[in-house]
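Chemist: Here is my input, please return the structure:
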Amino acid sequence: FVRGSNLSGNRIELSSVPIYCPTHLLGLLSSFDMDMVSSTTFTSGAFPSSSGNATASLTSVELIRGNLPSKTDNFSISPYISGVHIAIPGRTSKLNCHVSARISPFPELANLALSQISQRGRHGLLSTSGFSYDLLSAIDWTGKSISADVMFFSTMDKLKYLTNRRQSKMNSSEHVIKASISHKLGNTGNIRAQSYINSFSSEDIQSYGILSDSGGQLAPYIENKLQNGGYNFETSTKVIVDGLLCPGIKYESGTEILYRKYELVTKYLSVSKEKEPVDKSSCTSATDVSAFGDISGAFADMVNFTLGVRPTAHLSDGKQNFNCDVHAMTNVNMGRSMGIEVCYDRAVQYHHLLEGLPVGWGQDLYIASNAAFPEEVMNQIYAGVFFSKVNKSRSFFIDASLGAYYKTMHNLVSYKSAENLFGTSSISWENDVTVGEGTSKGIEVSMTVKFGRIDLRTAYTLSKTDRTYPDLNYGKPFPFRFDRRHIAN
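Modeler: Numbering: from 1, shown residues only. Got it, this is the predicted structure:
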């Protein structure tokens with residue numbers, strides 16, 4: 001919940017492709033093998049306009065590319081996750097291949113501990129089972145003026161837990177294939193084309209009843225069964241051109257066409273026949289056509305600036321809507337070590353996430369923005385000072401910043417009932433969702449100190465985040481459920 005935003009506002013990209021299942025085991029582990037990663041960049045403001053649908057933060061994960069000196073392979077075994085990573089150079093140094101495959105036995109190991117607890121007569125969570133895996137492969141080729149790469153990513157989580165009154169199954173999966181090609185334009189520019197296909201789904205199945213003993217084994221007698229699932233498809237084609245606009249001024253511009261299909265499924269079965277069975281699904285699609293452009297540069301080594309815009313035409317339910325992202329940032333250096341930074345963002349998100357606890361559970365469902373649930377709009381301003389100092393031998397380095405932000409958020413979607421935090425309980429989600437507003441303000445302090453082999457990092461945030469919904473708290477503002485007044489790490 002970066003600067004008071006919802007979880008859905010955090011965009012995570014793997015090699016410029018948005019990833020919607022970035023973790024395993026309720027957020028315990030990352031879905032990315034770090035042996036495949038070359039760099040990770042986190043941004044909470046002044047987002048690059050080439051990436052849309054981010055109202056809180058942007059995390060960009062880049063894969064290792066370039067010449068490999070020789071074949072390498074790594075194996076790892078642990079109770080949490082085990083896997084293998086293989087890097088294979090081609091016959092020529094221009095071609096490289098990386099493959100990673102991992103699987104987690106942790107749910108089954110946790111079940112062994114729970115079985116010991118249940119045998120001692122304790123109640124509550126009686127058993128758990130499931131598995132998690134991820135597969136990531138990448139091939140890249142580099143020529144004199146042309147380079148290309150192909151990536152495949154697949155991840156899946158299947159978890160099940162059983163109590164004396166309830167059985168829950170939470171399933172999520174994501175499968176991505178991406179290809180891109182880049183061509184140099186002279187000595188200063190590039191043109192790049194990228195396409196990807198992403199299929200991701202989440203499913204939550206709740207079975208209610210009584211627990212019976214069948215042949216010495218605990219088995220649920222299913223009385224009522226509720227299933228909610230979201231099955232989504234997304235494809236995008238993007239073209240980007242970058243280079244020098246004039247000496248000291250860089251530009252990046254392009255266009256993107258994004259198509260998304262959302263399918264929501266709800267099934268309800270009552271064995272006792274107290275309620276009529278339900279089996280319904282809804283399918284909607286949305287198309288976004290965006291143009292984007294960024295310029296950045298410096299004047300006299302004193303002023304650095306970045307300015308970006310992303311106008312988008314959003315078509316959903318046969319209706320067209322137009323909106324625009326705006327990002328601006330400037331740094332003014334006041335001497336060699338100090339400076340002032342001012343940043344403004346206006347970002348638009350064209351989908352919503354019906355989210356439970358912030359751990360990526362299977363009941364999180366994506367829905368398209370439409371007339372009933374308009375697109376989320378965020379406005380944010382940040383101002384602060386920064387200090388950076390390094391000695392001549394570069395054996396000592398310090399970087400510190402102090403700043404304040406204020407953010408407004410519009411068209412936020414939330415469940416009305418707290419019961420949905422732990423598992424979708426409603427037959428019709430439309431009747432259990434409300435739309436409201438939010439504000440967040442705070443002061444942020446961070447410092448990094450490096451000397452020798454020692455690296456110290458610390459950060460503190462004092463913030464206040466509120467929400468206002470017409471159907472909650474009599475329409476009066478209240479603290480956001482994850483409003484963390486003091487954060488230190």
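
Chemist: Name all residues that make contact with the nearest residue to residue 81 once chain neighbours are set aside.
Modeler: Closest residue to residue 81 in three dimensions, ignoring its sequence neighbours and counting by C-beta to C-beta, 6 or more residues apart in numbering: residue 104, at 4.3 Å. Using the backbone N, CA and C atoms, a C-beta is placed for each residue, glycine as well. By C-beta atoms under 8 Å, 6 or more residues apart in numbering, the contact set of residue 104 is 24-25, 29, 80-82, 131-133.

Chemist: What distance do you get for residue 104 to residue 135?
Modeler: Distance from residue 104 to residue 135, counting by C-beta to C-beta, to the nearest Å: 13 Å.

Chemist: and if you look at residue 193?
Modeler: Residue 193 is 25 Å from residue 135, by C-beta to C-beta.

Chemist: Between the two, tell me which one has more neighbours.
Modeler: Here residue 193 and residue 135 are compared on neighbour count by other C-beta atoms under 10 Å; more neighbours surround residue 135, at 18 against 15.

Chemist: Dig out what the more buried one forms beta bridges with.
Modeler: Beta-bridge pairing of residue 135 under DSSP bridges involves residue 101, residue 154.

Chemist: Repeat that for residue 61.
Modeler: Residue 61 forms beta bridges with residue 14, residue 40, as assigned by DSSP bridges.

Chemist: thought it was touching residue 34?
Modeler: No - using C-beta atoms under 8 Å as the test, residue 61 is too far from residue 34 to be in contact (9.8 Å).

Chemist: Of those two, give the one with the bigger neighbour count.
Modeler: Neighbours per residue (other C-beta under 10 Å) separate residue 61 from residue 34, with residue 61 holding more: 21 against 10.

Chemist: which residues does the more buried one contact?
Modeler: So residue 61 contacts 12-15, 32, 37, 39-40 (C-beta under 8 Å, 6+ apart).

Chemist: One more pass at 10 Å, please.
Modeler: Residues counted as contacts of residue 61 (C-beta atoms under 10 Å, 6 or more residues apart in numbering) are 12-17, 19, 22, 30, 32, 34, 36-41.

Chemist: what does the model give residue 169 for pLDDT?
Modeler: What the model reports as pLDDT for residue 169 is 81.

Chemist: Which stretches in the stretch 1-150 of the chain count as helices?
Modeler: 106-119 (DSSP state H, counting those that start in this stretch).

Chemist: measure residue 398 to residue 288 for me?
Modeler: Distance, residue 398 to residue 288, by C-beta to C-beta: 43 Å.

Chemist: burial measure for residue 258, as a count.
Modeler: Residue 258: 20 surrounding residues under other C-beta under 10 Å.

Chemist: one step back: and residue 398 and residue 288? which has more neighbours close in?
Modeler: Neighbours were counted for residue 398 and for residue 288 using other C-beta under 10 Å; residue 288 has more, 21 against 16.

Chemist: Helix or strand with the lowest mean pLDDT in this structure?
Modeler: The least trusted helix or strand in the chain, going by mean pLDDT, DSSP states H and E, turns out to be helix 106-119, with a mean of 68.

Chemist: Which members of the contacts of residue 61 are classed as buried?
Modeler: 12-17, 19, 22, 32, 36-37 (16 or more other C-beta atoms under 10 Å).

Chemist: Inside strands: which ones of the residues you listed?
Modeler: 12-14, 17, 37 (DSSP state E).

Chemist: farthest pair in those?
Modeler: Pairwise distances across those (C-beta to C-beta) peak at 14.0 Å, for the pair 17 and 37.

Chemist: Would you map the helices across the stretch 301-450 of the chain?
Modeler: Counting by DSSP H, counting those that start in this stretch, the stretch 301-450 of the chain contains no helices.

Chemist: which stretches of it have low pLDDT?
Modeler: Residue ranges of the stretch 301-450 of the chain with pLDDT under 70: 356-364, 417-429.

Chemist: ok, now the stretch 101-250 of the chain?
Modeler: Scanning the stretch 101-250 of the chain with the threshold set as pLDDT under 70 gives 113-126, 164-165, 208-228.

Chemist: now do 80
Modeler: 107-128, 161-168, 204-229 (pLDDT under 80).

Chemist: so the closest residue to residue 326 other than its chain neighbours bridges to which residues?
Modeler: Once flanking residues are discounted, residue 326 sits nearest to residue 346: 4.4 Å by C-beta to C-beta, 6+ apart. For residue 346, the beta-bridge partners under DSSP bridges are residue 326, residue 379.

Chemist: how about residue 346, what does it touch?
Modeler: 55, 309-310, 323-328, 377-381.

Chemist: Give me the number of neighbouring residues for residue 144.
Modeler: Other residues near residue 144 come to 7 when the count uses other C-beta under 10 Å.

Chemist: Residue 386 versus that one, what's the distance?
Modeler: Remark: distance between residue 144 and residue 386 (C-beta to C-beta) = 40 Å.

Chemist: Residue 10 too?
Modeler: Distance from residue 10 to residue 386, by C-beta to C-beta: 24 Å.

Chemist: same deal with residue 465?
Modeler: 24 Å.

Chemist: Looking at these two, which is more packed in?
Modeler: Using other C-beta under 10 Å, the more surrounded residue of residue 465 and residue 386 is residue 465, with 22 against 18.

Chemist: Tell me which residues touch that one, please.
Modeler: Residue 465 sits in contact with 1, 3-5, 407, 409, 438-442, 479-485, where contact means C-beta under 10 Å, 6+ apart.

Chemist: Name only those of these that count as buried.
Modeler: Counted by 16+ other C-beta under 10 Å, the contacts of residue 465 give 1, 3-5, 407, 409, 438-442, 480 as buried.

Chemist: Show me where the stretch 151-300 of the chain has its strands.
Modeler: Secondary structure of the stretch 151-300 of the chain (DSSP state E, counting those that start in this stretch): strands at 166-185, 189-214, 217-246, 249-270, 278-299.

Chemist: Give the buried residues for the shortest one.
Modeler: Using 16+ other C-beta under 10 Å as the test for burial, strand 166-185 gives 167-176, 178, 180, 182.

Chemist: These into TSV, with extra columns for distance to residue 97?
Modeler: Output for those, formatted as TSV (distance: C-beta to C-beta, whole Å):
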residue	distance to residue 97
167	43
168	40
169	36
170	34
171	31
172	28
173	24
174	22
175	19
176	17
178	15
180	16
182	18
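
Chemist: what's the closest of those residues to residue 233?
Modeler: Using C-beta to C-beta, the buried residues of strand 166-185 come closest to residue 233 at residue 175, 10.2 Å.

Chemist: What separation is there between the closest one and residue 63?
Modeler: Taking C-beta to C-beta, one finds residue 175 at 17 Å from residue 63.

Chemist: what's the answer for residue 128, then?
Modeler: Counting by C-beta to C-beta, the gap from residue 128 to residue 63 is 33 Å.

Chemist: Next: residue 396.
Modeler: Distance from residue 396 to residue 63, by C-beta to C-beta: 33 Å.

Chemist: and residue 128, how many neighbours?
Modeler: 20.

Chemist: Leaving out chain neighbours, which residue sits closest to it?
Modeler: Of all residues not flanking residue 128 in the chain, residue 161 sits nearest, at 4.4 Å (C-beta to C-beta, 6+ apart).

Chemist: Sweet, I'm off.
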